[in-house]
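**Q** Generate a structure from the sequence data that follows.
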Amino acid sequence: MRTSHLITDGAAAPVEAVSRPLPPPPARLARPALFLDMDGVLAPLAETPDAVVPHPERTAALRAVADRLNGRVAIISGRTIAEIDRIAEASAASASGVHGLERRGADGSLHRAEAAPAVRDAVDAFERFARTRPGVIVEDKAVSAGLHYRGAPAEAAAAVALAQRLAGETGLALQAGNLVVELKTPGTSKGTALTAFMQEPPFAGSVPVMLGDDLTDEDGFRAAAALGGFGVLVGPPRETGARFGLPDVAAVLAWLNAVEEGA
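**A** Numbers count the residues shown, from 1 in each chain. Here you go, the predicted model:
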């Protein structure tokens, strides 16, 4: 995972070095609100974005925990809300897509940022890059452009260099992820999405818990901590602002099934 290429929309903040696995989060919590990343947290990482499909165990776990917590569950992802709904089978009323650029409240209200015109230039440049590199995939999300190289890891350095150059030329925000780089309309992050949810019913007054695996989730971990909650890192130990950890997607689903609201 390439930490040196991450640019977030918030102020840079140091993260705590982790040399051993983090303890698992408690399953009994006082008025928790859960904010869940999709890929690597609710669903295993796949070779291509379309390869992630609905799964009955995931859908059942999300519906059950949302019922127990009176709707205080939101999926916060780099994917679009349409993709979140496809994979989660519309089991989460609240969702935020494209790193906060799309957000749907529990009441169904939709908030979408206006796309920066330069996103079209980024999509075109990424498509030219991918045309001669088998395994590289371009994802056009309207408000951002993603360049996936999981299927062509040898192209990592070239993909990152292209994204860095375009970010400098266009003013788009560069978001690095797991074998993907994204150029997005600036101004939001998973942290801003979490903070916005926490100002609305049914989340207001609750304790935010953010589950994530990627560098893009660090903004969510920091936002949760600032509001009295905490982050949960999913996957191998690394530098993170999360206080707790879970090893994999299976452990996340087991933990969701065990979560109860304490007094």
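**Q** Quick one: low-confidence residue ranges for the stretch 1-150 of the chain.
**A** In the predicted model of the stretch 1-150 of the chain, residues 1-19 satisfy pLDDT under 70.
**Q** what does the host helix or strand of residue 169 rub up against?
**A** Secondary structure from DSSP states H and E places residue 169 in helix 156-170. Contacts of helix 156-170 with the rest of the structure, by CB atoms under 8 Å, 6 or more residues apart in numbering, involve 2, 5, 7, 116, 118, 121-122, 125-126, 129, 133, 136, 147, 149, 172-174, 176, 179, 181-183. Yep, even glycine has a C-beta here, placed from its N, CA and C like the rest.
**Q** which of the residues in the strand or helix carrying residue 257 are buried?
**A** Residue 257 is located in helix 249-258, with elements delineated by DSSP H and E. Using 16 or more other CB atoms under 10 Å as the test for burial, helix 249-258 gives 249, 252-253, 255-256.
**Q** Can you name the next helix or strand after it?
**A** Downstream of helix 249-258, the next assigned helix or strand under DSSP H and E is strand 260-262.
**Q** who's in contact with that next one?
**A** Applying CB under 8 Å, 6+ apart, the set of residues contacting strand 260-262 from outside is 27-32, 68-69.
**Q** Now do it: distance to the chain's middle.
**A** 25 Å (CA atoms, centre = their mean, to the nearest Å).
**Q** That one - what's its average pLDDT?
**A** Average pLDDT, strand 260-262: 89.
**Q** That strand pairs with which strands, parallel or anti?
**A** strand 28-30 (parallel) (DSSP bridges).
**Q** And the strands in this structure?
**A** For the chain, the strands defined by DSSP state E cover 28-30, 32-36, 73-76, 94-97, 102-104, 110-112, 137-140, 144-148, 173-177, 180-184, 207-212, 230-234, 244-246, 260-262.
**Q** Out of these, which gets nearest to residue 46?
**A** strand 144-148 (10.3 Å; CB to CB).
**Q** got the CA coordinates for the closest one in PDB?
**A** Extracted C-alpha coordinates of strand 144-148, given in PDB (Å, rounded to 0.1, in the frame of the first residue of the first chain):
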ATOM      1  CA  SER A 144     -14.300  11.500 -10.200                       C
ATOM      2  CA  ALA A 145     -12.200   9.300 -12.400                       C
ATOM      3  CA  GLY A 146     -10.600   6.100 -11.200                       C
ATOM      4  CA  LEU A 147      -7.700   4.200 -12.600                       C
ATOM      5  CA  HIS A 148      -7.500   0.600 -11.400                       C
END
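**Q** burial of residue 72, as a residue count?
**A** Residue 72 has 27 neighbours, counted by other CB atoms under 10 Å.
**Q** Against residue 201, how distant is it?
**A** 9 Å (CB to CB, to the nearest Å).
**Q** and if you look at residue 238?
**A** On the measure of CB to CB, residue 238 and residue 201 end up 35 Å apart.
**Q** ok, now residue 207?
**A** On the measure of CB to CB, residue 207 and residue 201 end up 15 Å apart.
**Q** Which of those two has more residues huddled nearby?
**A** Neighbour count, other CB under 10 Å: between residue 207 and residue 201, residue 207 has more, with 18 against 13.
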